[in-house]
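Asker: Just a sequence and a predicted model for now, questions to come.
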Amino acid sequence: MKKIFTILILSSIQLFAQCPTDYADNTADIQWVDNGGILIDGQCPPNTGASLTGRADIVFAFNNARTVENGQIGTTIPANMTVTDLAADDNAWDNKSSSEKALILMNLERVARGIPPFQEVDANVVNVAQSYADYLRTNNQFEHNLDCNNGSSGTNACNAIVRMEENAAIKTHQQAACRFENLAAVFAPSMDCAPLFLEQAIYSWIYNDTGQGNGHRKACFYNIPIANDDYSTAGAEGQIGIGVSIGLYQGAAYGIVMVFNFFDPDASYNPALPVELTAFTANLNSNKVELLWQTATEVNNYGFDVERQKKEVSSQNSVWEKLAFVEGHGNSNSPKSYSFTDNTSNASGKFLYRLKQIDIDGTFEYSDAVEINLGAPKRILS
């Protein structure tokens, strides 16, 4: 009995009535064909035709689809994608992140059609996309309008705009656009049944989307207005990220949920904002100081040095002492809580505590200090 391998796609989210002119739609879906033959969906191994083994098969499939599309709608897209456009070799391609692969494939397709490329992979967007992919899979859901911390923003109930607004770095730096998100899901009994799952999802968004009104295709080919080309490199605009969550999903032993998000940043956008610290408190409990802190979002957060200083009358005698290191969560789009307990049984007087937040690249910044009074020196009677 052959097992099922299926890719499911959901209509791309469109949030504004006025959109730039979309690139021409296909008139019929174009089946994946590579060096091995035609992909037959719903089988595991996927079929006895398509090879689905590496760069050569990816390039063959996309070039073939360009040729078929030219015949459908009278375009002249060059079928000139090469394996070196993807990576130096198959291992190098396999070692790229999902977002890096998506950026390369989508930009090759965009540029071939005269559409300016997306700017870059953005850790903040990856963070938002990954968080939503994990949410959808673990909750057995598959729709756009879920998992917003604040529930609403203006007239938007819950969608990709709101989820990105809740990221500390992105917040209000999104310029008006009308497409933000694509979803795809794979259901398979084993990972052997899902070769090139991300590459197939991107291909399906572009070439197998007539049943969804070519909404995913429109998102992949969304042409950001020239007037909005005001961030970073001229001639390229749009920060992208892919989230991939793998595990038990809607009854499949290996469900794979993929989320593609992108946004058009304004000129003041700063993607390097590392961590949003929302609370930092110190409480005295017996002879111990309990430090508690929380972050709303994290980007490339290596962790925190916990530092203490005796509050002296003269600041010249004040020295910050490192007490411990607390590991961070790296990238997170949800609140994270931390704690540290300082044993102060032999201490007295006033002390200050602060956090040194350290990025993965070694850059750091300090929190504001909190103060605690341990009281008068303890007298020992004999």
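Answerer: Great, that's in hand.
Asker: switch to C-alpha atoms for all contacts and neighbour counts from now on
Answerer: OK.
Asker: Please give the three-state secondary structure assignment for residue 279.
Answerer: Under the three-state scheme (DSSP: H, G, I helix; E, B strand; the rest coil), residue 279 adopts strand.
Asker: Hmm, it is touching residue 335, no?
Answerer: No. Using C-alpha atoms under 8 Å, residue 279 makes no contact with residue 335, being 10.7 Å away.
Asker: overlap in contacts of the two?
Answerer: Counting by C-alpha atoms under 8 Å, 6 or more residues apart in numbering, the contacts common to residue 279 and residue 335 are 294-295.
Asker: Now do the contacts for residue 232.
Answerer: Contacts of residue 232 by C-alpha under 8 Å, 6+ apart are 119, 267.
Asker: so what's it scoring on pLDDT?
Answerer: Predicted confidence (pLDDT) for residue 232: 80.
Asker: Secondary structure class of it, three-state.
Answerer: Applying three-state DSSP: residue 232 is coil.
Asker: Check the burial of residue 158 by counting its neighbours.
Answerer: Neighbourhood size, residue 158 [other C-alpha atoms under 10 Å]: 18.
Asker: For the most centrally placed residue in the chain, which non-adjacent residue is spatially closest?
Answerer: Central residue of the chain (C-alpha atoms, centre = their mean): residue 126, 1.3 Å from the mean position. Using C-alpha to C-alpha, 6 or more residues apart in numbering and skipping the chain neighbours, the partner closest in space to residue 126 is residue 241 (4.1 Å).
Asker: now swap in residue 137 and tell me
Answerer: For residue 137, the spatially nearest residue (C-alpha to C-alpha, 6+ apart) is residue 249, at 5.6 Å.
Asker: Which pLDDT value belongs to the one you found?
Answerer: 94.
Asker: quick one on the thing from earlier: which element, helix or strand, includes the residue nearest to the centre of the chain?
Answerer: helix 123-138 (DSSP states H and E).
Asker: how about the CA coordinates for that helix, as PDB?
Answerer: Output of helix 123-138 as PDB, limited to C-alpha atoms (Å, rounded to 0.1, in the frame of the first residue of the first chain):
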ATOM      1  CA  ALA A 123      15.800  37.600  11.400                       C
ATOM      2  CA  ASN A 124      12.800  39.400  12.800                       C
ATOM      3  CA  VAL A 125      10.500  38.200  10.000                       C
ATOM      4  CA  VAL A 126      12.000  34.600  10.300                       C
ATOM      5  CA  ASN A 127      11.100  34.900  14.000                       C
ATOM      6  CA  VAL A 128       7.500  35.800  13.300                       C
ATOM      7  CA  ALA A 129       7.100  33.200  10.600                       C
ATOM      8  CA  GLN A 130       8.700  30.400  12.700                       C
ATOM      9  CA  SER A 131       6.500  31.200  15.700                       C
ATOM     10  CA  TYR A 132       3.400  31.000  13.600                       C
ATOM     11  CA  ALA A 133       4.400  27.800  11.900                       C
ATOM     12  CA  ASP A 134       5.000  26.200  15.300                       C
ATOM     13  CA  TYR A 135       1.600  27.500  16.500                       C
ATOM     14  CA  LEU A 136      -0.300  26.200  13.500                       C
ATOM     15  CA  ARG A 137       1.300  22.700  13.700                       C
ATOM     16  CA  THR A 138       1.000  22.200  17.500                       C
END
